[in-house]
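S.K.: what follows is a predicted structure for the sequence shown.
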Amino acid sequence: MLRRRLLIVLTTLALPASFAGEVQSHGLMFEKWLRETFFGGYIPKGYTQKWDIPSEANPDHGGIPVNPKAAKFGSPVDFGDALRQYDIVEKRERFLLIVGFWKQISKEQKRWVNVQAVTVEPEMWAKLWGPVQRADLERFVAVIKDPSLSIAEARAQVKALKAKPPFTESILQVNPKIDASQRRLQCSLRSEDFFKYLAPDAKPGVDPEPKVFGVPIPQDFASRARETK
């Protein structure tokens, strides 16, 4: 236990000041802390790899791939590319999902207030997608990336698609990202649905000492609030 606590402190101190102060660094810091503390210091080979932490780097907690996520307390948990997440359904993959929820306690500081580590079974991941099929997602993506559509036209069409079945019947939410720099389809899970379906026995409120596998997360760290324009 002493070694783990020391490792927690060293992991936090090892981060450069510029890194620690970045608006989005909380998620990266959380993942780095998890990798250093539980998964042998595994270093991802690239941002495009399928799993943030592959099964071979997880011999002590089920030998399954790991998907770490950080989310603002009460906000949806973002999972990234929708088609990639749907691949999990088709391949019937089991994975470990570790979600840390944070609150902005000051302009410069965030604090972890809840963390859950849950094993997601293939059947449950399929249930979250409901009647949505890959073909539905591919049609959605085709509209998003249609070069003949302006940004406004693409947004209008995908808004109409999202407002009707099968997407209205899915627990997972599809989130089109359309602007001058991107055209992609991501997905997310509402906070209340995360606790309802993936962590039904967990307490969704604020935990004064959130832990992962019995090890407390470093509570406070420098991370500015996102500026809205």
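M.R.: Here it is on my side, so go on. Just so it is clear, the structure is predicted and the values come from calculations on it, not from any experiment.
S.K.: put the alpha carbons of the longest strand seen in the chain into PDB.
M.R.: The residue-count maximum for a strand in the chain (DSSP state E) belongs to strand 109-120. Provided in PDB are the C-alpha atoms of strand 109-120 (Å, rounded to 0.1, in the frame of the first residue of the first chain):
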ATOM      1  CA  GLN A 109      -8.700  23.200  -9.900                       C
ATOM      2  CA  LYS A 110     -10.800  20.100 -10.500                       C
ATOM      3  CA  ARG A 111     -11.500  17.300  -8.000                       C
ATOM      4  CA  TRP A 112     -12.400  13.700  -8.500                       C
ATOM      5  CA  VAL A 113     -15.800  13.000  -6.800                       C
ATOM      6  CA  ASN A 114     -16.700   9.500  -8.000                       C
ATOM      7  CA  VAL A 115     -15.000   6.700  -9.800                       C
ATOM      8  CA  GLN A 116     -16.300   3.400 -11.000                       C
ATOM      9  CA  ALA A 117     -14.500   0.300 -12.500                       C
ATOM     10  CA  VAL A 118     -17.000  -2.000 -14.200                       C
ATOM     11  CA  THR A 119     -16.700  -5.000 -16.400                       C
ATOM     12  CA  VAL A 120     -18.900  -4.500 -19.500                       C
END
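S.K.: not counting that strand itself, show me its contacts.
M.R.: Residues outside strand 109-120 that contact it (C-beta atoms under 8 Å, 6 or more residues apart in numbering): 26, 30, 61-62, 64, 73, 94-105, 194-195, 198-199, 202-207, 210-213, 217-223. For glycine as for every other residue, the C-beta is placed from the backbone atoms N, C-alpha and C.
S.K.: now the angle from whichever helix in the chain runs longest to strand 109-120?
M.R.: Once the chain is assigned using DSSP state H, the helix that runs over the most residues is helix 25-38. Comparing the axes of helix 25-38 and strand 109-120 via axes from the mean of the first three to the mean of the last three C-alpha atoms, to 10 degrees yields an angle of 60 degrees.
S.K.: pLDDT of helix 25-38, averaged?
M.R.: The average pLDDT for helix 25-38 rounds to 90.
S.K.: kindly report the same for stretch 165-173.
M.R.: pLDDT averaged over stretch 165-173 gives 98.
S.K.: repeat that for stretch 115-131.
M.R.: 98.
S.K.: also stretch 140-148?
M.R.: Stretch 140-148 comes out at a mean pLDDT of 98.
S.K.: in terms of contact, does residue 61 touch residue 95 like I think?
M.R.: No: using C-beta atoms under 8 Å, residue 61 is not in contact with residue 95, being 11.1 Å away.
S.K.: and the two? Which one has more around it.
M.R.: residue 95 (20 against 16; other C-beta atoms under 10 Å).
S.K.: sorry, back to before: CA-only coordinates of the longest helix of the chain in PDB, if you can.
M.R.: Written as PDB, here are the backbone C-alpha positions of helix 25-38 (Å, rounded to 0.1, in the frame of the first residue of the first chain):
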ATOM      1  CA  SER A  25      -5.300  17.400 -19.000                       C
ATOM      2  CA  HIS A  26      -7.500  15.800 -16.300                       C
ATOM      3  CA  GLY A  27      -8.500  12.900 -18.600                       C
ATOM      4  CA  LEU A  28      -4.900  12.400 -19.700                       C
ATOM      5  CA  MET A  29      -3.700  12.600 -16.100                       C
ATOM      6  CA  PHE A  30      -6.300  10.100 -15.000                       C
ATOM      7  CA  GLU A  31      -5.300   7.600 -17.700                       C
ATOM      8  CA  LYS A  32      -1.600   8.000 -16.900                       C
ATOM      9  CA  TRP A  33      -2.300   7.500 -13.200                       C
ATOM     10  CA  LEU A  34      -4.200   4.300 -14.000                       C
ATOM     11  CA  ARG A  35      -1.500   3.000 -16.300                       C
ATOM     12  CA  GLU A  36       1.200   3.700 -13.800                       C
ATOM     13  CA  THR A  37      -0.700   2.300 -10.800                       C
ATOM     14  CA  PHE A  38      -2.400  -0.800 -12.100                       C
END
